[in-house]
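Q: Give me the fold of what follows.
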Amino acid sequence: MKMKLIYTTIILATLGISACKSHKEKEVAIGSQDTIPVKVISLKVEDASHTISASGQFTTNDETLLSFKNGGIINRILVKEGDAVRTGQLLATVNQTEISAQVQQVNLSYQKAERDYNRASKLYKDSVATLEQMQNAKTALQVAKQQLDAVKFNQNYSEIRATSNGFILKKLANDGQVVGPGTPVLQINGANQSKWILKIGLSDAQWSVLKIGDGATITTDALPQKSFQAKVTRKSEGIDAQSGTFGIELTLTDSKVQGLASGLFGKAVIIPTKSTSGYSIPYDALLDGGENEGYVFVTNDDKIARKVKVQLGAIQNDRIIISGGLENATSLIVSGSAYLTDGSKIKVVN
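A: Numbering: from 1, shown residues only. Model prediction:
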């Protein structure tokens, strides 16, 4: 019995020693994982002139919305979308019953003022009317003449005529529709004579680095084998409330472009002449990247990793420009970041 007890004690002691040994081995393994091998690169400020990619729609520099000067009921629209038109061609008319009545009414007033003035002039010569009465009659005649000219002018603009040779882009109203003064009825352009423009929207950061005259290359799926050279010709001075972007116009340098149509989509690669300062880092080093911000791991002593927030700039192939956040860092961790947390111990293995 005593021998059995001794044997049991020896077995338990052996198991206890093995457990302690196994626990120490785990502690050593865990301790060895605290120092994470990483690769780093040194950081330095660079001047980067990056390209800007954007898309937009083609239009011309003389697109015009045509409308009636006076409101009324559209009598007839004589064209449809896509029609070619000539300068002075009649495009649409409005019912002239109302404007004709106004012309007749003002014309009668003018005739009365003319009779009054002639009568006052004769009476003044006969010393029956005073000079003041004759002058008042003359003023009334002049006012009636101006009113008649104005109403006849409005009558002449109760129809729409083409302002230049071109094409009807859009038909914005139909026969019998009631429209107010200045309500767009037709959209026209002079595609045979004018320069093509690509209108695009950019972010505030992209807008700020561009200036008038910067070059661009434009492509479109409608003409897959061609590319067009263009220049920045206009920068909007305010934001577009609908899209939340800043408008840019790129004008094609070739004035004789065939195969384009208003409304086609085009892709532009713009090359700013203005360079920006920043840090160019591999895209893989970026963590939790958002629209304008992200995180990276840096180290200043090659022993401790620090997680810092950075401001993002333009993307260039597999690299990205960092515009802020790395001013106080000396090295960027580019490999092993997935295993790091802020304050992790590291070992540089470049």
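Q: correct me, but residue 188 touches residue 79?
A: No - contact criterion CB atoms under 8 Å: residue 188 and residue 79 do not qualify, at 9.1 Å. Any C-beta I mention is one placed from the backbone N, CA and C, and that applies to glycine too.
Q: where do the contact lists of those two overlap?
A: Common neighbours of residue 188 and residue 79, using CB atoms under 8 Å, 6 or more residues apart in numbering, are 85, 168.
Q: Residue 216 should be in a helix, yeah?
A: No - Residue 216: not assigned to a helix; according to DSSP: H, G, I helix; E, B strand; the rest coil it is strand.
Q: Report the contact partners of it.
A: Contacts of residue 216 (CB under 8 Å, 6+ apart): 229, 230, 231, 232, 250, 268, 269, 270, 271.
Q: At the geometric centre of this structure, which residue sits there?
A: In the chain, the residue lying closest to the centroid (CA atoms, centre = their mean) is residue 201, at 1.8 Å.
Q: State the number of residues packed around the closest residue to that residue other than its chain neighbours.
A: Once flanking residues are discounted, residue 201 sits nearest to residue 245: 3.1 Å by CB to CB, 6 or more residues apart in numbering. Applying other CB atoms under 10 Å, we find 18 residues neighbouring residue 245.
Q: Also residue 234?
A: With other CB under 10 Å as criterion, residue 234 counts 14.
Q: Beta-bridge partners for it, please?
A: Per DSSP bridges, the residues bridged to residue 234 are residue 249.
Q: before we move on, back to that, residue 188 and residue 79: who's more crowded?
A: Just comparing residue 188 and residue 79: by other CB under 10 Å the higher neighbour count belongs to residue 188, 24 against 19.
Q: would residue 284 count as being in a strand?
A: No - going by three-state DSSP, the assignment for residue 284 is helix, not a strand.
Q: wait, isn't it in contact with residue 332?
A: No - counting by CB under 8 Å, residue 284 stays clear of residue 332, with 11.1 Å between them.
Q: more neighbours, those two?
A: Applying other CB under 10 Å to residue 284 and residue 332 shows that residue 332 carries more neighbours, namely 23 against 12.
Q: which SSE is the more buried one in?
A: Take DSSP states H and E as the rule and residue 332 turns out to sit in strand 331-335.
Q: Give me the next element, helix or strand, following that strand.
A: Note on strand 331-335: by DSSP H and E, the next helix or strand toward the C-terminus is strand 345-348.
Q: pLDDT at the residue nearest to residue 114 when sequence neighbours are not counted, what is it?
A: Excluding its sequence neighbours, the residue lying closest to residue 114 (CB to CB, 6+ apart) is residue 141, at 5.7 Å. On the pLDDT scale, residue 141 is placed at 93.
Q: tell me which element residue 141 is part of?
A: Taking DSSP H and E as the definition, residue 141 sits inside helix 131-156.
Q: Would you indicate which residues of that helix are buried?
A: For helix 131-156, the neighbour count (16 or more other CB atoms under 10 Å) marks 134, 137, 140, 141, 144, 147, 148, 151, 155 as buried.
Q: Isn't residue 51 up against residue 270?
A: Yes - contact status for residue 51 versus residue 270: in contact at 6.5 Å, counting by CB under 8 Å.
Q: Among those two, which residue is more densely surrounded?
A: Neighbour totals were compared for residue 51 and residue 270, and residue 270 leads with 24 against 14 (other CB under 10 Å).
Q: isn't the more buried one right up against residue 213?
A: No - counting by CB under 8 Å, residue 270 stays clear of residue 213, with 11.4 Å between them.
Q: any shared contact partners between these two?
A: Joint contacts of residue 270 and residue 213 (CB under 8 Å, 6+ apart) are residue 232.
Q: So which of the contacts of residue 216 are in strands?
A: Those of these mapping onto strands are 229, 230, 231, 232, 250, 268, 269, 270, 271, per DSSP state E.
Q: Now tell me what touches the helix or strand containing residue 314 from outside.
A: Residue 314 is located in strand 306-316, with elements delineated by DSSP H and E. Applying CB under 8 Å, 6+ apart, the contact partners of strand 306-316 are 48, 50-52, 205, 276, 278, 280, 283, 286-287, 289-300, 320-326, 329, 340-343.
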